[in-house]
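Undergrad: Any chance you can model this:
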Amino acid sequence: MYSTSSFKRRTSQETREAVLAAARKLFFSKGFEQTTLMDLGKATGLSARGVILHFETKADIIATLLIRDYSARKPPALGKGRTSAQRILDFYLWVAREDVATFIAFPALWSVSARWSTEMEADVNAVVRAMREPVRQELARGIEAAEFRAVDIRHADELLWQSYQHGLRAVAVTGGTPALALPQVHRTLEILAA
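TA: Reported below is the predicted structural model:
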C-alpha cells in the first residue's frame with residue numbers, strides 16, 4: 001500500500017508549466033490543429049478538463065508561448081553609420097532569424113489568433129510593441145535626418161510590422177523561411193521614404 005504523502009502534488013503554476021512544455025512539443029511535432037486537449041492531458045497527467053482549468057482555450061496556450069518567446073528576445077543593438085532604413089531592415093532580419101528558431105508554425109498562428117481571449121490579445125500586442133521599440137527609435141532618427149517623410153511614428157511602426165506579417169503569410173502559403181518576408185518590409189520603407 002502506498003502512502004499518498006509519498007507523492008508530491010504539483011502546484012497550479014507547476015501544472016501550467018507542464019501544459020506549456022507539452023504544448024510546445026506537441027504543437028511542433030503534431031501541429032496545433034491536430035493536437036487535442038486529450039493529447040495535452042495525457043502528456044501532463046491531466047484530463048482534457050484539467051487542461052481547460054489552467055488555460056481557457058488551446059489558442060490561449062499558444063498565445064502564452066508566443067508571449068514568452070517575444071518577451072525573451074533581446075533586440076540587437078542597431079549599428080551606426082548606415083541609414084535608418086538599413087538598420088530597420090537589420091532589425092527585421094533579426095526577427096526573421098528568431099522566428100525560424102521558435103516553435104511557431106506560422107500558418108497555424110494566424111488561424112489561432114482569432115480565437116485568443118481578449119486579455120491574451122492585449123498581452124501579445126503589448127509584448128510585440130515593446131520588442132519593436134528599436135524600430136520606433138530608428139523611424140524618429142530617419143524622420144529627423146529627412147530619410148523618411150514626416151509621419152506618425154506609431155503608425156509607421158505598425159505599418160512595417162503588418163508588412164512583415166503579410167510577408168509571413170505569403171511565405172506560409174508558398175513555403176520558405178521568414179526571411180522571405182523582408183521584401184515586404186523593404187517596400188514599406190520605400191513608401192515611407194517617398
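Undergrad: how about low-confidence regions in the protein?
TA: Scanning the chain for pLDDT under 70 picks out 1-8, 102-111, 114.
Undergrad: ok, 50 please
TA: Applying pLDDT under 50 to the chain flags the ranges 1-7.
Undergrad: show me where it has helices.
TA: For the chain, applying DSSP state H gives helices covering 12-29, 37-44, 48-54, 58-72, 84-101, 106-113, 118-131, 133-144, 153-174, 182-193.
Undergrad: Can you say which of these is nearest to residue 78?
TA: Within the helices of the chain, the stretch nearest residue 78 is helix 84-101; the backing value is 4.0 Å (Cβ to Cβ). Using the backbone N, CA and C atoms, a C-beta is placed for each residue, glycine as well.
Undergrad: Counting neighbours, show which residues of the closest one come out buried.
TA: For helix 84-101, burial by neighbour count (16 or more other Cβ atoms under 10 Å) applies to 84-85, 87-92, 94-96, 98-99.
Undergrad: Save the helices of the chain as TSV, and put in distance to residue 78 too.
TA: Shown next, in TSV, are the helices of the chain (distance: least, Cβ to Cβ, whole Å):
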stretch	distance to residue 78
helix 12-29	30
helix 37-44	39
helix 48-54	39
helix 58-72	18
helix 84-101	4
helix 106-113	25
helix 118-131	13
helix 133-144	6
helix 153-174	14
helix 182-193	14
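Undergrad: The spatially most central residue of the chain and residue 15, how far apart?
TA: Most central in the chain under Cα atoms, centre = their mean is residue 66, positioned 4.4 Å from the mean C-alpha point. According to Cβ to Cβ, to the nearest Å, residue 66 and residue 15 sit 20 Å apart.
Undergrad: residues touching the residue nearest to residue 167 when sequence neighbours are not counted, list them.
TA: When the adjacent residues along the chain are set aside, residue 167 lies closest to residue 181, with 2.7 Å between them (Cβ to Cβ, 6 or more residues apart in numbering). By Cβ atoms under 8 Å, 6 or more residues apart in numbering, residue 181 lies in contact with 92, 96, 164, 165, 166, 167, 168, 170, 171.
Undergrad: mind running it again at 6 Å?
TA: 164, 167, 168, 171 (Cβ atoms under 6 Å, 6 or more residues apart in numbering).
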